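A.B. asks: got a predicted model here, sequence first, then my questions.
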Amino acid sequence: MVALEVGTDDSAYHEGHVPGAAPLSWLDDLNELDRRGVPSRHHVELLLSSRGIARDSHVVLYGEDDNVFAAYAYWTLRYFGHLRLSLLDGGRRAWLAAGAPLSEAMPDRVPTRYVAQDPDDTIRLTREAVLDSYLGANGGTAIVDCRSELEYRGRPGTATDLPLLRHRLGGHIPGARNVPYA
């Protein structure tokens, strides 16, 4: 089992983390250097190799902000075919609330040669697929918008002054239901 603490950056990790966990920064590790969005297969292979993760490793992800960045890491790894994944229920906040131990020691991991699968496009919808298949669909179909209620209503909702965390367009897809990630 390999635990990864995922945050906007890795500052909280260095204040203390789940013993044996390695850091994963959403800004630095889960985006390409030159653009926001899903990292390339090659990028994911280098990242997982550097953390000592093998294809059969069980990866447990947790983090700050109600696991929002850990959930993105979960989706990204699943998108590239890593299936042995778990999210720590409640994330860093629950770990701390339980009085569980923290460590400041960096784990000593032996790098691997991780080979990711081709992206699984069945778990990712394009704008065109939403418009063609889901928008206005009859019963049994729901679109869930997991941003904050303010973002859903078209107003900026993050106090963090990082432009790449803000959505470029306000509002939501017509008919989408708001279930904030928190």
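C.D. replies: Looks like it arrived, so ask away. Numbering: from 1, shown residues only.
A.B. asks: going forward, measure contacts and count neighbours with C-alpha atoms only.
C.D. replies: OK.
A.B. asks: helices or strands next to the helix or strand in which Val60 is found in the packing?
C.D. replies: Per DSSP states H and E: Val60 is located in strand 59-63. Using 3 or more CA pairs under 8 Å, 6 or more residues apart in numbering; DSSP states H and E, the elements in contact with strand 59-63 are strand 2-7, helix 68-79, strand 85-87, helix 91-97.
A.B. asks: give the rounded mean pLDDT of it.
C.D. replies: Per-region confidence: strand 59-63 scores 98 on mean pLDDT.
A.B. asks: what of stretch 128-147?
C.D. replies: The average pLDDT within stretch 128-147 is 80.
A.B. asks: in it, which residues are buried?
C.D. replies: Using 16 or more other CA atoms under 10 Å as the test for burial, stretch 128-147 gives Leu135, Asp145, Cys146, Arg147.
A.B. asks: over to stretch 70-86?
C.D. replies: Quick answer for stretch 70-86 (16+ other CA under 10 Å): 70-82, 85.
A.B. asks: report the secondary structure state of the closest residue to Arg153 other than its chain neighbours.
C.D. replies: Among residues not flanking Arg153 along the chain, Gly171 sits closest, at 5.0 Å (CA to CA, 6 or more residues apart in numbering). The three-state assignment at Gly171 reads coil, by DSSP: H, G, I helix; E, B strand; the rest coil.
A.B. asks: mind listing what Gly171 touches?
C.D. replies: The neighbourhood of Gly171, defined by CA atoms under 8 Å, 6 or more residues apart in numbering, consists of Glu151, Tyr152, Arg153, Gly154, Arg155.
A.B. asks: among those residues, name the ones in helices.
C.D. replies: Judged by DSSP state H, the subset of the contacts of Gly171 located in helices is Glu151, Tyr152.
A.B. asks: list just the nearest of the contacts of Gly171 to Leu4.
C.D. replies: Comparing the contacts of Gly171 against Leu4 with CA to CA picks out Glu151 as the nearest, at 28.2 Å.
A.B. asks: does the closest one touch Val179 like I think?
C.D. replies: No. At 11.5 Å, Glu151 does not count as touching Val179 under the criterion of CA atoms under 8 Å.
A.B. asks: who has more neighbours out of these two?
C.D. replies: Set Glu151 next to Val179 and count neighbours by other CA atoms under 10 Å: Glu151 wins out with 21 against 13.
A.B. asks: distance from the centroid: which residue in this protein tops it?
C.D. replies: Relative to the centre of the chain, and counting by CA atoms, centre = their mean, the farthest-placed residue is Asn138 at 30.5 Å.
A.B. asks: shouldn't it be within a strand?
C.D. replies: No. Per three-state DSSP, Asn138 lies outside any strand segment and is coil.
A.B. asks: any figure for the gap between it and Gly90?
C.D. replies: Between Asn138 and Gly90 the distance is 34 Å, computed by CA to CA, to the nearest Å.
A.B. asks: pLDDT value on the residue positioned nearest the centre of the chain, please?
C.D. replies: Geometric centre of the chain, nearest residue: Tyr72, 1.5 Å, by CA atoms, centre = their mean. Listed pLDDT for Tyr72 reads 94.
A.B. asks: alright, that wraps it up for me.
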